[in-house]
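Asks: model this:
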Amino acid sequence: MNKQDKKGFRSGFVAVIGRPNAGKSTLLNTLLGQKVLIISDKPQATRNRIRCILTEERGQIIFFDTPGIHKPKHRLGEYMVAAAKSTLQGVDFAICVVDASVPFGSGDEYVLQVIKDSGVPCILALNKIDLISKDQLLEKIAGFAKIADFKEIVPISALQSENTIKLMDLIFEALLPGPMYFPDDVVIDQPEKFVVAELIREKLMNLTREEVPHSVAVVVDKMEEKKSLIKIEAVILVERDSQKGIVIGKEGNVLKEVGRLAREEIETLLGSKVFLELWVKVKKDWRNQNNQLRDLGYNLKDLKE
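Replies: Prediction:
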């Protein structure tokens, strides 16, 4: 008997939405029980709308990991915000992830208004509760309860896996009986090339500084299996010559470390030895060029030309 034939099997689509650096990707990695999304202490790590699939005996949840909603400063930023907003169309409900360790601000208010305008039911996940006191947490819960009509308010620590099982139970309870949309061995709806490129970009974000992490894109040009290893060729794009120097580093030390860290994680992902070759190229102001964004795989249909 297939999972979807079993009585009580539930399924549905859930948007995970919030401000940059609220912990959305960390939460999804925790719920999925494995790392499938890149994480960084720098905001705006997630640029694409990515479907992550969790399948259990009781049902299947298709999560949409979304870029953080922020005030965009370039065309890429406009795309990211539009992609996050459009995700709310057609989902069963949303999980709004809020960083409980920072004061409530206009950014949070805007995210909540976006969700309210969509009419989608919402569970509020108050994240990073390991960084605040119990009294502060109770004050936060009371404050958010007055702001909007949430289905539930769940205090969690995605990093420490605190209360995440309760959140998962609430998600399944909120879903209706439905089919299994993806095979039970599928965890992410992106090709290996995309995941490899994201892992390289994650290492770059964590090893570089200032504006450089946000000016970087990674394109995997080639992945081919050769005997006992997989050869990967990837190009790192930056916007200025000065950024190219920072990414390469003195005597190539930064690029070498990016390659080492990325290769280790890619080998775990692919279950094979990997030869990783990295190149750095300058594409002037690529974040503001529609043709460049399209070439990098960004779907601009949600943006006004």
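Asks: any weak-confidence spans in the stretch 201-305 of the chain?
Replies: Applying pLDDT under 70 to the stretch 201-305 of the chain flags residues 299-305.
Asks: Try it again at 80.
Replies: Where the stretch 201-305 of the chain drops to pLDDT under 80, the residues are 209-213, 295-305.
Asks: Which residue ranges of it form helices?
Replies: Using DSSP state H, counting those that start in this stretch, the helices of the stretch 201-305 of the chain run over 241-248, 253-270, 290-295.
Asks: Check the stretch 51-200 of the chain too.
Replies: Going by DSSP H, counting those that start in this stretch, the stretch 51-200 of the chain shows helices at 75-86, 106-118, 134-147, 164-174, 192-207.
Asks: ok, back up a step: so for Leu126, which of the helices of the stretch 201-305 of the chain sits nearest?
Replies: When the helices of the stretch 201-305 of the chain are ranked by distance to Leu126, counting by Cβ to Cβ, first place goes to helix 253-270 at 30.0 Å. Bear in mind the C-beta positions are built from the backbone N, C-alpha and C, glycine included.
Asks: Does that closest one pack against any helices or strands, and if so which?
Replies: For helix 253-270, the elements it packs on are helix 192-207, strand 229-238, helix 241-248, strand 273-282, judged by 3 or more Cβ pairs under 8 Å, 6 or more residues apart in numbering; DSSP states H and E.
Asks: can I get the ones you listed in a markdown table with mean neighbour count and distance to Leu293?
Replies: Converted to a markdown table, the helices and strands packed on helix 253-270 look like this (neighbours: other Cβ atoms under 10 Å; distance: least, Cβ to Cβ, whole Å):
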| stretch | mean neighbour count | distance to Leu293 |
| --- | --- | --- |
| helix 192-207 | 21 | 15 |
| strand 229-238 | 19 | 11 |
| helix 241-248 | 16 | 18 |
| strand 273-282 | 15 | 16 |
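Asks: of all the ones you listed, which lies closest to Glu257?
Replies: helix 192-207 (6.1 Å).
Asks: quick one: the closest one to strand 229-238, angle?
Replies: 60 degrees (axes from the mean of the first three to the mean of the last three Cα atoms, to 10 degrees).
Asks: Off-centre distance for helix 192-207?
Replies: Distance of helix 192-207 from the chain centroid (Cα atoms, centre = their mean, to the nearest Å) equals 12 Å.
Asks: for that helix, packing partners?
Replies: Other helices and strands packing on helix 192-207, by 3+ Cβ pairs under 8 Å, 6+ apart, are strand 217-226, strand 229-238, helix 253-270.
Asks: ok, and for the last one, which residues are buried?
Replies: Applying a neighbour-count criterion of 16 or more other Cβ atoms under 10 Å, the buried positions in helix 253-270 are Val254, Leu255, Val258, Gly259, Leu261, Ala262, Arg263, Glu265, Ile266, Leu269, Leu270.
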